[in-house]
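Chemist: what's the 3D shape of this:
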Amino acid sequence: MMDARDTALVIEGGGLRGAYIAPVIARLIEEDVQFGWVGGVSAGASHTINILSRDAGRAEASFTTLAAHREFGGWGSFLRGRGYFNGEFIYERSHESALPLDEQAFYENPAEMHIETVRSDTAETIAFNRADVTETTKLMKMVRASSTLPGFMRPLVRDGVRYFDGALGYSGGLLIDAARRAGYDKICVIATRPREYAKSPVKYPQLVRRVLRREPAIAQAVIDRPARYNQSKRQVLDLEEKGIAQVFFPESMPITSGEKKLARLQAAYRQGRAQFEREWPQWREFLGG
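Modeler: Reported below is the predicted structural model:
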C-alpha cells in the first residue's frame, strides 16, 4: 500500500469526459494508493465510488463500455421521458448487473467520502459523507443526485425536493474548499479540463431563466457557476504553485461531455493513460511512494 492518508483526492466531473481521467483512477487503484479523503461531484462522484471500491475495471467501464448499453440513453430515451441520459439505469440499476460494485471493498475502505448535490428549491449545496451511507441503494441515489444535469436527466426526488448536479453548488465543480475544510493541506486534483481552461460567463442569462422557469434557483446557479468554477480553479493553481497540490490536467480533451461512441471513448481512455504514464513519477514523488 502507498500510504497517502494525509492527502485528499478531488475529482472533477464532466460527463463522458471522465473517460480521459478513468486511467488515472485505475492507476491509483493498481498502485494501491490509500487516500484519507476522496471527493467529487457529477461524473467525479462516480469516480469517487470507483476508487473507494478499488475497482480499476469498473473505473474504465463506467466511462467507456457502459455508454454502449441500450438503456444508457440517447434521443430515444429522451423522447420516452427517461432523459437524454437515463440516470435511473446509469446510477441505480447498472450496479446490479451491467456494472457491479464491489460493496465489500467500498465499505471496508477507511477513506472519507464526499459527494455534493444541489436542492432545486433553494440551490443549497448538500453534502453526503460516509456517515450518510447506510446501504448501496442510498449510495447510488447520492451519485445520481450529484450527476443530474438540468434538462438532460430526470432528477431524483426526495421528500418533494428535486436534486441536481453538484457542480451547480458553491464549488462550481471543484471541491477544493471541501477538502481543505476537512483538514487536508496536501491535495491531489484530477481535472477533466485543460490547464488553461476558464469558464466563460453565460451568454444569454435571460434565456437560461426562461428555459428553467420552473427552477429559478437552479437557473441562477447555472448563471453563477462560471465565476464559482473559475475561483476554485484559481485556488487549485495557487496551491499547485505552492507545492501543496498535485494536479492532472488533460493535455487536450478529444471528446465532449455527451460523447457516446464507444471507439472515441476508448481512444480518449488510451490517450489519458499515455499521459498519466508520463506524469506518474511526479505523482509518486508527491504521494511519498
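Chemist: low pLDDT regions in the stretch 1-150 of the chain?
Modeler: Across the stretch 1-150 of the chain, nothing is flagged by pLDDT under 70.
Chemist: roughly how far apart are residue 42 and residue 33?
Modeler: Using CB to CB, to the nearest Å, one obtains 22 Å as the distance from residue 42 to residue 33. Using the backbone N, CA and C atoms, a C-beta is placed for each residue, glycine as well.
Chemist: what do you get for residue 286?
Modeler: Residue 286 sits at a distance of 11 Å from residue 33 (criterion: CB to CB).
Chemist: right, and residue 152 touches residue 87 too?
Modeler: No. Applying CB atoms under 8 Å as the test, residue 152 and residue 87 come out as separate, 9.0 Å apart.
Chemist: spatially central residue in this structure, please.
Modeler: The residue at the geometric middle of the chain, judged as the C-alpha nearest the mean C-alpha position with CA atoms, centre = their mean, is residue 44 (1.2 Å).
Chemist: mind listing the strands in this protein by residue range?
Modeler: Taking DSSP state E as the test, the strands found in the chain are 2-11, 33-40, 112-119, 125-129, 156-158, 161-164, 186-190, 245-248.
Chemist: what about the fourth one, distance to the chain center?
Modeler: To tie it back to what came earlier, the one meant is strand 125-129. Shown here is strand 125-129, whose average C-alpha point lies 14 Å from the average C-alpha point of the whole chain (CA atoms, centre = their mean, to the nearest Å).
Chemist: from now on call the first residue 28
Modeler: With the count now opening at 28, the last piece we talked about shows up as strand 152-156.
Chemist: coming back round to it: neighbour-wise, which of residue 313 and residue 60 wins?
Modeler: Neighbour totals were compared for residue 313 and residue 60, and residue 60 leads with 22 against 18 (other CB atoms under 10 Å).
Chemist: quick check: the more buried one touching residue 52?
Modeler: No. Under the contact definition of CB under 8 Å, residue 60 does not touch residue 52, with a separation of 10.2 Å.
Chemist: which residues touch residue 271?
Modeler: If you count contacts by CB atoms under 8 Å, 6 or more residues apart in numbering, residue 271 has them with 212-214.
Chemist: surely the residue nearest to the centre of the chain touches residue 39?
Modeler: Yes. Counting by CB under 8 Å, residue 71 does reach residue 39; the two are 5.3 Å apart.
Chemist: need the residues touching each of the two.
Modeler: When contacts are counted by CB under 8 Å, 6+ apart, residue 71 and residue 39 have 200, 217 as shared neighbours.
Chemist: residues in contact with residue 191?
Modeler: Remark: with contacts taken as CB under 8 Å, 6+ apart, residue 191 is in contact with 144-145, 147, 172, 175-177, 182, 242, 245, 248.
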